[in-house]
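[1] Kindly return the folded structure for what I paste below:
(one chain, ligands or ions: 1)
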Amino acid sequence: MDLRRQYDGIREEVLAAIARVCDSQSFILGPEVEALEGEIAALTGAAWAVGCASGTEALWLALVAAGVKPGDSVMTTAFSFFASASAIVRAGATPVFVDVEPGTLNLDAVLVGQQLRTQRPQNLRAILPVHLYGQCADMDRFDRIAQEFEVAIVEDAAQAIGAEWSGRGAGALGVTAAFSFYPTKNLSAFGDAGIVTTTCPRMAEHMRQLRNHGSPRRYYHHEFGWNGRMDAIQAAVLRVKLTHIADWNQKRRQHAATYDQLFAGSGLTSIRTSDQISNQSNAPVRLVARSPQAKHVFHQYVIRAQRRDELRKFLADRKIGSEIYYPLPLHLQPVFSYLGLKAGDMPVAEQAAREVLALPMFPELNEAEIRCVVESIAEFYS
Ligand SMILES: Cc1ncc(COP(=O)(O)O)c(C=O)c1O
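    Got it, this is the predicted structure:
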């Protein structure tokens, strides 16, 4: 990814916004953060947003506000960034990992439902689906699960700003949701930042206190919060970029369509219908499936490749960047050995970890570059 291309296009706007904060000499929370909170609430369709220090912090705020406390358990995907699970631990709870769908690689709601029917984890307080790579998890099924089992759905929407499920925005699909503005995200700060959204004013107020040492009033503390506040400079930068996000996400979708077409044309993989991509074939390259209900924002464009590591090296030799999200599923991370899980327990996530490869994807990418990536992959398999 080339962040400089984005910066070159918005340099003057961003520098003016930073200068505005410097002139105000108000650096933490304040009017810039409040304005951003209103704008993100409007974008997602959630009524409230609470700016904070990172996506990881946002996950912790969301979980605690949803009622997760020490001794509880929270179900989540075995195939995500570490923070999806470490935030659960930081809230004092135990993660219960569940495998992912073979097509989308999102948390498998059918498996979650089966486990809840047969062996509901003790003190289950919440389920944390992750909208992996910018595509929403199956929120119809999670809605039904929330009602049937009376459990809160907390979205990890870190990779999914602007994404939708059946016309509803990520961030307004559960009781609360966490977003990351890490510099490589679709909407990115000039450092660490994150935000939590919710449709519940009480939860929003709770999260505002938690991010500020659990303090409803200066120097009075009702519970243990933390310093999880957002910087005004980050909010100012994000507000500039927010005016471009719809366009940038649309460009990502166009690039994904170009990749899809070129892959289909190369004979490396096959597209079954416009919105569903075959995952059954033995093609050397398979694409992560798209849910018809999802408006995908392609934080990543991910293929599943035979001889993935050799392919990655082949591309690197041609100066084509690629990345593996994620090489080791969460249940096999050494730090979670206390859960007693082993290789073979989450076969879909484990296979994905051996096959996934994220290809160059950012709004300023051009068609010639995409063509070069696909041609190089075709050359590798020829
Ligand atoms: C799925 C997911 N969850 C949580 C996070 C944590 O966000 P941050 O890096 O802003 O703390 C990230 C991003 O890195 C992520 O991709």
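[2] From the contact counts, what lies against the helix or strand hosting A353?
    In this structure, A353 is located in helix 347-355 according to DSSP states H and E. If contacts are counted by 3 or more Cβ pairs under 8 Å, 6 or more residues apart in numbering; DSSP states H and E, helix 347-355 sits against strand 301-305. In this view, the C-beta of every residue, glycine as well, is placed from N, C-alpha and C.
[3] and the gap between the nearest residue to V112 once chain neighbours are set aside and E57?
    Leaving aside its sequence neighbours, V112 sits nearest to V98 (Cβ to Cβ, 6 or more residues apart in numbering; 5.4 Å). When distances are taken as Cβ to Cβ, to the nearest Å, V98 and E57 turn out to be 24 Å apart.
[4] coming back round to it: okay, buried residues for the helix holding A353 please.
    Neighbour counts over helix 347-355 (16 or more other Cβ atoms under 10 Å) mark 348-350, 352-353, 355 as buried.
[5] For L315, state which of these is nearest.
    Sorting these by how near they are to L315, with Cβ to Cβ, puts E355 at the top with 15.0 Å.
[6] Go ahead and confirm the closest one touches V302.
    No. Under the criterion of Cβ atoms under 8 Å, E355 makes no contact with V302, lying 9.5 Å away.
[7] Show the residue spans covered by the helices in this structure.
    Counting by DSSP state H, the chain has these helices, from start to end: 3-24, 30-44, 55-65, 83-90, 109-118, 139-149, 201-210, 232-242, 245-266, 308-317, 347-355, 367-381.
[8] between the ones you listed, which gets nearest to the ligand?
    The stretch from the helices of the chain with the least distance to the ligand (Cβ to the nearest ligand atom) is helix 55-65; that distance is 2.4 Å.
[9] What lies in contact with that closest one?
    Contacting residues not belonging to helix 55-65 are listed as 50, 52, 74, 83-84, 86-88, 90-91, 93, 126, 128, 154-156, 158, 176-182, 185, 194-196, 198, 203, 206-207, 210-211, 226, 228 [Cβ atoms under 8 Å, 6 or more residues apart in numbering].
[10] just the residues you listed that are near the ligand?
    Filtering the contacts of helix 55-65 for proximity to the ligand (criterion: Cβ under 6 Å from any ligand atom) leaves 83-84, 156, 158, 180, 182, 194.
[11] ok, and the most crowded of those residues?
    D156 (32 neighbours; other Cβ atoms under 10 Å).
[12] Just give me the neighbour total for G30.
    By other Cβ under 10 Å, the burial measure for G30, its neighbour count, is 16.
[13] near the ligand, which residues of this protein show up?
    Contact residues of the chain with respect to the ligand, defined by Cβ under 6 Å from any ligand atom, are listed as 54-56, 59, 80-81, 83-84, 130, 156, 158-159, 180, 182, 192, 194.
[14] Recalculate using a threshold of 5 Å.
    By Cβ under 5 Å from any ligand atom, the residues of the chain that approach the ligand are 54-56, 80-81, 83-84, 130, 156, 158-159, 180, 182, 194.
[15] which ones are touching L311?
    Contacts of L311 were listed using Cβ under 8 Å, 6+ apart, and they are 305, 357, 377, 380.
[16] Now with 10 Å, please.
    Contact analysis of L311 by Cβ atoms under 10 Å, 6 or more residues apart in numbering lists 284-285, 303, 305, 322, 357, 376-377, 380-381.
[17] Okay, the closest residue to I233 other than its chain neighbours and A204: tell me how far apart.
    Across the structure, with Cβ to Cβ, 6+ apart as the measure, the residue nearest I233 apart from its sequence neighbours is V21 (5.0 Å). With distances defined as Cβ to Cβ, the gap from V21 to A204 amounts to 24 Å.
[18] same thing with A19?
    30 Å.
[19] Over to K313?
    Counting by Cβ to Cβ, the separation of K313 from A204 is 47 Å.
[20] The worst-scoring helix or strand of the chain on mean pLDDT packs against which elements?
    Among the helices and strands of the chain, strand 285-287 carries the lowest confidence by mean pLDDT, DSSP states H and E, at a mean of 93. Contact analysis of strand 285-287 by 3 or more Cβ pairs under 10 Å, 6 or more residues apart in numbering; DSSP states H and E lists helix 245-266, strand 301-305, helix 367-381 as its packing neighbours.
[21] looking at the ones you listed, which is buried most?
    Ranked by mean neighbour count under mean count of other Cβ atoms under 10 Å, the helices and strands packed on strand 285-287 are led by strand 301-305, which reaches a mean of 24.
[22] and the angle for it with helix 245-266?
    Direction vectors for strand 301-305 and helix 245-266, defined by axes from the mean of the first three to the mean of the last three Cα atoms, to 10 degrees, enclose an angle of 30 degrees.
[23] Please name the spatially closest residue to the spatially most central residue of the chain (chain neighbours excluded).
    Taking Cα atoms, centre = their mean as the criterion, Q159 is the residue nearest the geometric centre of the chain, at 2.6 Å. In space, and not counting its chain neighbours, Q159 is closest to H299: 4.0 Å by Cβ to Cβ, 6+ apart.
[24] of the helices and strands packed on strand 285-287, which approaches E13 most closely?
    For these, the distance to E13 is smallest for helix 245-266, at 13.6 Å, taking Cβ to Cβ.
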